[in-house]
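1. I would like the atomic coordinates for the input below:
(6 chains)
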There are 6 protein chains.
Amino acid sequence: MSSLIGVVNVVNTILNTPRIGWLQRGVPQAIAESVGDHVLLTSYLALILCNSVHKVDSDINADKCTSMALIHDAHEALIGNVSNSARSLISNWRDIETRLFDELQFPEELRNYFREYRYGLSIEGRIVNLSDKLATLIRACIYAGAGYDTKELIINYKELIEKLLSEFTGNVGQVISNIVKPILSWCDDRAITHTLSNESPQ
Amino acid sequence: MSSLIGVVNVVNTILNTPRIGWLQRGVPQAIAESVGDHVLLTSYLALILCNSVHKVDSDINADKCTSMALIHDAHEALIGNVSNSARSLISNWRDIETRLFDELQFPEELRNYFREYRYGLSIEGRIVNLSDKLATLIRACIYAGAGYDTKELIINYKELIEKLLSEFTGNVGQVISNIVKPILSWCDDRAITHTLSNESPQ
Amino acid sequence: MSSLIGVVNVVNTILNTPRIGWLQRGVPQAIAESVGDHVLLTSYLALILCNSVHKVDSDINADKCTSMALIHDAHEALIGNVSNSARSLISNWRDIETRLFDELQFPEELRNYFREYRYGLSIEGRIVNLSDKLATLIRACIYAGAGYDTKELIINYKELIEKLLSEFTGNVGQVISNIVKPILSWCDDRAITHTLSNESPQ
Amino acid sequence: MSSLIGVVNVVNTILNTPRIGWLQRGVPQAIAESVGDHVLLTSYLALILCNSVHKVDSDINADKCTSMALIHDAHEALIGNVSNSARSLISNWRDIETRLFDELQFPEELRNYFREYRYGLSIEGRIVNLSDKLATLIRACIYAGAGYDTKELIINYKELIEKLLSEFTGNVGQVISNIVKPILSWCDDRAITHTLSNESPQ
Amino acid sequence: MSSLIGVVNVVNTILNTPRIGWLQRGVPQAIAESVGDHVLLTSYLALILCNSVHKVDSDINADKCTSMALIHDAHEALIGNVSNSARSLISNWRDIETRLFDELQFPEELRNYFREYRYGLSIEGRIVNLSDKLATLIRACIYAGAGYDTKELIINYKELIEKLLSEFTGNVGQVISNIVKPILSWCDDRAITHTLSNESPQ
Amino acid sequence: MSSLIGVVNVVNTILNTPRIGWLQRGVPQAIAESVGDHVLLTSYLALILCNSVHKVDSDINADKCTSMALIHDAHEALIGNVSNSARSLISNWRDIETRLFDELQFPEELRNYFREYRYGLSIEGRIVNLSDKLATLIRACIYAGAGYDTKELIINYKELIEKLLSEFTGNVGQVISNIVKPILSWCDDRAITHTLSNESPQ
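-> Residues are numbered from 1 along each chain as shown, chains lettered A, B, ... in the order given. From the prediction side, this is the model:
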């Protein structure tokens, strides 16, 4: 990127942009996670996951995961946070995102990182993608505990995460699974019980 | 629309979605205008403008202006608030908006209202469009007064509004102009002086 | 109104004034509905209700409902949002409100709209009044779902709404009832179950 | 008061009720002082002022000032925060406030404290009244520094405070004046300079 | 204190500092109690408790309780709000607090009040300490009702409060107990039932 | 760290903890930067700086900088955000921080990263330290532009940053200097002009 000032604008914008998915489920803006909040959580999850995976597969670069997670939604500073339903209406959404990311004029290495993540081109990219989904699920469970209706999203994301988990095999798959499973249980404790008591009011 | 519940979700979502244009200019989320805030201001401006115009041209329906303004951004509940730069990257953005609006399943009259506004098909639609731009300019000037950098946007919107004003002719044009001019001056007082003192500190 | 600047001040003030009824029930300011938020919801409800009623009784003007709903709490910009208990202490509160509304110097048609609403002088005024109560009930149910204690208010408003519904007869009454009933059920799902689980924890 | 629960409700409500005077001057709700915030500031000012006055006139009870300041707006939990213009429309507003205060069912001593303050019946009551005005002026100056338009209010309150100061005579008047004057200067530094640069943009 | 300006800074800082204990339990900043909010609640509780105790023991000065409660966390304006776990890591934390309090340069009486409270040197100081713990418990129960996980803190604080209650004996102990017990029950209604329904969803 | 749940709690807490330094300078909580916001900005700055430095000195690991910046304030989730004046009162503050960081039970590599940063043991650690100071300066300049009094902090941090810059020599020093200088100028534009107009109101 040509200047740090541009970076400051990117960070400020994503820190102030709430994720539309929460707003659509009734979470008030004042307590809704921003894109920047989500990026911070994703980066921490990716750092911990990759650090653990590195211990069984030294080819994996944990610090690269962090950088990749850190920039994975940077282009939303240019576009805003767009709902999934709108994305599906627009053909080649992923390519539009990549084009927008390039407009940020980040250094070439980071533009490559974005592609690795967005198109799943490396194991680091795939762990960042898993971290991204996990971060969303975690937040959904927290909102469920506070009485907001994220039940359907939780079901969908748990399926999605199970599918992503199944694509990591061998020792790597085992390590990731051992770390992720407890958080899925933690999530159930918060979300499902509340949902049940909502559903059976007799 | 098949149910009021859908309407409630639309209203709640736009009331909680900050406009990305303000966030990109450094306005913190907690004080940034939401899409719903903007809709309320636009509706009031359209109501007053159309009510006054009605007095010199009884064909104009002031109440229709209000309904039209009220629904003019409803589809953003489905998509989120997308920046202008992203819109320009996507061909036929206006048609995507219209398609999304139809997904809201509002009654036919309101879907027609949306088209009148979006494509400028009636004088009411054009006054709502003017009100939309005016509401944005007003907010930009308020933010300038509080130290946020909206100067460039103000210049662009003043030009745009002058152009829209010039397209209303005769008595109608005169009435509209008489109402709008004072707010342009009010805007200058807030925005330009602050800008000047920022730029020439000697 | 002599100037748009006055309108801007009205809109800004009501958008920033939380409704005291929520605060008194423990809803934190950051997530409490403002008067302006309430006006936007009421306007949408009135628009949909009147639009549907218009189909069975063409004398009813849906757009007039919107304008009327839009301005129905404008005078609170001058006074603030006053609790019901204080209102009942002050004799002729309704007349004080009308006097304050006139101080806004809105055009005569809108001052008449306010009277139609405030004193129930037209069917549009009565539908706006119903919309106002419905908007409050809806919000109360949302807050109940998030754990705030609005149970008593919900009971009172459901009674009040049932009474208002019974005053609309014939086809008009049927249409309104068909639209409103599902939202009362939706409300029960959110509010009553939560209340039950709070009261009978064995 | 019959129960602490009532006290909790009073405190929570005033802590969440923004003062309408700030909202009417364009201060966004998220940064507007609440009634409870104002009460805390007033109590601190009254404590410091009375403590100093006590040193030259031992009849003055500094701790009584604190209690009196602490409860001086408690009745707003029942009524909301009502604008000055509305208060002036309602005859005998002060008596309505006193009646509402009594509804809080505070112990008799505190009901007497409220009267001493509200009707200026003791020197402590008059210092609390001065503290209340001073707290408002201070906040107005802070908002002026952040670009909000509180200039007129500042002028009015400075006049009012000068008048109140002149009513304290002798040693007591001297002590109070010595403490208050620096804050008036501090206020000028923040508010007037900003105002000047707004007013002379050449 | 040498100037009121210093007091203003103290009040502003504590009103904007959320208590870390709530944040650590997942309460979002926008709805988390600030130190200043806590001070206001503590002061009201102390005022009511001491006022009642005064009726059976005229040696107790209710207004002194208010002043003492008002200033009991003032030093947090200098230090921030530090978690309990960090406090326990730092030897002689209480003395550091006292040193910081003295840096505020409040009048000598108030510095003595702080010591009476912090080291439990007078009955007023002990009632303020009880009020401080009670204010925290009350808030914890309110958060439990809104779905936040304060259960463990509630259990600990109830034990602590029972212990503090047992240290007040005779008539004074009876009066305090009669006032405090209902709020412990109120707390149970909010907190425990919610917890139960979370834990036994069958 | 033994579990991702712990990580989630760390991230949530720092995202909700405002930095006390801003609150002490009058920035309202609703618009004050949180520790988590600061971490995100610092991480982006460190990523860009280290990526550029890597091009002239391939020994430097840009991704390591990111991970290090990401965790550099994690321990504040345990302690809260403590003011500088309090830190200076407590001997061996830096060691307390290190001890608290270890309590987070992060993997050994990350505990080493923390030490590299905190004690300046590697060039990556020193660039993260520079990024940390730069992120604070940038925010201070943004607040100055919005009318908050951060002038003194700006002066101190500019001195500190100049000193840190001078400690990077050769090509590395040149690269860093080229990137950082424009942001110092940008800062001046925002902060100093506003300050000047405040100070010379004649």
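2. and the residue in chain A that chain D sits nearest to, helix, strand or coil?
-> Relative to chain D, the nearest point of chain A is residue A:30 (8.0 Å; CB to the nearest CB). C-betas here are computed from N, CA, C, even on glycine. Classification of residue A:30 using DSSP: H, G, I helix; E, B strand; the rest coil returns helix.
3. isn't it right next to residue C:27, touching?
-> No. Using CB atoms under 8 Å, residue A:30 is not in contact with residue C:27, being 11.5 Å away.
4. Tell me if stretch A:139-155 is near chain B.
-> No. Applying CB under 8 Å from any CB of the partner chain, one finds stretch A:139-155 out of contact with chain B, separated by at least 10.3 Å.
5. Look up how far residue D:68 lies from residue A:124.
-> According to CB to CB, to the nearest Å, residue A:124 and residue D:68 sit 65 Å apart.
6. more crowded one of the two?
-> Higher neighbour count among residue A:124 and residue D:68: residue D:68, with 29 against 26, using other CB atoms under 10 Å in any protein chain shown.
7. who's in contact with the residue nearest the centre of chain A?
-> Centroid-nearest residue in chain A: residue A:132, 1.8 Å away (criterion: CA atoms, centre = their mean). Contacts for residue A:132 (CB atoms under 8 Å, 6 or more residues apart in numbering or on different chains) come out as A:42, A:69, A:72.
8. Considering those, which possesses the most neighbours?
-> residue A:69 (32 neighbours).
9. That one in helix, strand or coil?
-> helix.
10. I'd say it and residue A:38 touch.
-> No. Residue A:69 is beyond contact range of residue A:38, at 10.2 Å (criterion: CB under 8 Å).
11. Is chain E within reach of stretch A:9-17?
-> No. On the criterion CB under 8 Å from any CB, stretch A:9-17 is out of touch with chain E, staying 13.1 Å away.
12. list the helices and strands the helix or strand where residue A:185 lies packs on?
-> If you go by DSSP states H and E, residue A:185 is part of helix A:170-199. Applying 3 or more CB pairs under 8 Å, 6 or more residues apart in numbering or on different chains; DSSP states H and E, we find helix A:170-199 packed against helix A:35-56, helix A:123-145, helix A:151-166, helix C:170-199, helix E:170-199, helix F:4-16.
13. where are the low-confidence patches of chain A?
-> Applying pLDDT under 70 to chain A flags the ranges A:1-2, A:192-202.
14. which bits of chain A sit near chain B?
-> Counting by CB under 8 Å from any CB, chain A sits next to chain B at A:9, A:12-13, A:16-18, A:20, A:23-24, A:26-30, A:32, A:34, A:77-83, A:85-86, A:89-90, A:96, A:99-100.
15. out of those residues, which touch chain F?
-> Within the residues of chain A next to chain B, those near chain F by CB under 8 Å from any CB are residue A:12.
16. Just the buried subset of the residues of chain A next to chain B, written out for PyMOL, thanks.
-> In PyMOL, a selection of the buried entries from these looks like this (16 or more other CB atoms under 10 Å in any protein chain shown):
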select buried, chain A and resi 9+12+13+16+17+18+20+23+24+26+27+28+29+30+32+34+77+78+79+80+81+82+83+86+89+90+96+100
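17. rewinding a little: which neighbours do residue A:69 and residue A:38 have in common?
-> Common neighbours of residue A:69 and residue A:38 (CB under 8 Å, 6+ apart) do not exist.
18. tell me the contacts of residue A:44?
-> Contacts of residue A:44 (CB under 8 Å, 6+ apart): F:7, F:10, F:11, F:70.
19. now the angle from the helix holding residue A:185 to helix A:151-166?
-> Angle, helix A:170-199 to helix A:151-166, by axes from the mean of the first three to the mean of the last three CA atoms, to 10 degrees: 170 degrees.
20. which residues touch residue A:37?
-> A:15, F:15, F:36.
21. mind listing what residue A:84 touches?
-> residue A:21.
22. Relative to residue C:171, how far out is it?
-> 41 Å.
23. which SS state does the residue lying closest to residue A:39 once chain neighbours are set aside fall under?
-> Using CB to CB, 6 or more residues apart in numbering or on different chains and skipping residues adjacent in sequence, the residue nearest residue A:39 is residue A:73, 5.5 Å away. Secondary structure assignment for residue A:73 (three-state DSSP): coil.
24. looking at it, residue A:73 is touching residue A:13, isn't it?
-> No. Look at residue A:73 against residue A:13 with CB under 8 Å: they stay out of range, at 10.7 Å.
25. Residue A:149 touches residue A:27, doesn't it?
-> No. The pair residue A:149 / residue A:27 is not scored as a contact, 9.3 Å apart, by CB under 8 Å.
26. Quick check, the residue in chain A closest to chain F?
-> Counting by CB to the nearest CB, chain A gets nearest chain F through residue A:63, at 3.3 Å.
27. In contact with that residue, which residues are there?
-> F:61, F:63, F:64, F:66, F:67.
28. Work out for me the element it sits within.
-> Residue A:63 belongs to helix A:62-71, assigned by DSSP H and E.
29. counting contacts, what elements does the helix or strand that that helix is followed by pack onto?
-> Using DSSP H and E, the helix or strand that directly follows helix A:62-71 along the chain is helix A:76-79. Using 3+ CB pairs under 8 Å, 6+ apart, the elements in contact with helix A:76-79 are helix A:4-16, helix A:93-103, helix B:84-89.
30. Columns distance to residue E:177 on top of the ones you listed, output as a markdown table?
-> Formatted as a markdown table, the helices and strands packed on helix A:76-79 follow (distance: least, CB to CB, whole Å):
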| stretch | distance to residue E:177 |
| --- | --- |
| helix A:4-16 | 49 |
| helix A:93-103 | 64 |
| helix B:84-89 | 64 |
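31. And those: which comes nearest residue B:181?
-> helix B:84-89 (26.2 Å; CB to CB).
32. Could you check how far the closest residue to residue A:191 other than its chain neighbours is from chain B?
-> Spatial nearest neighbour of residue A:191, excluding adjacent residues (CB to CB, 6+ apart): residue A:144 at 3.7 Å. For residue A:144, the distance to chain B (CB to the nearest CB, to the nearest Å) stands at 18 Å.
33. Surely residue A:144 and residue A:152 touch.
-> No. Using CB under 8 Å as the test, residue A:144 is too far from residue A:152 to be in contact (10.6 Å).
34. what about those two, which has more around it?
-> More crowded of residue A:144 and residue A:152, by other CB under 10 Å: residue A:144, with 24 against 10.
35. on that earlier part again, between the contacts of residue A:44, which is closest to chain C?
-> residue F:11 (20.7 Å).
36. okay but that closest one is in contact with residue A:40, surely?
-> Yes. Counting by CB under 8 Å, residue F:11 does reach residue A:40; the two are 5.7 Å apart.
37. Can you pull the residues that touch both of these two?
-> residue F:36.
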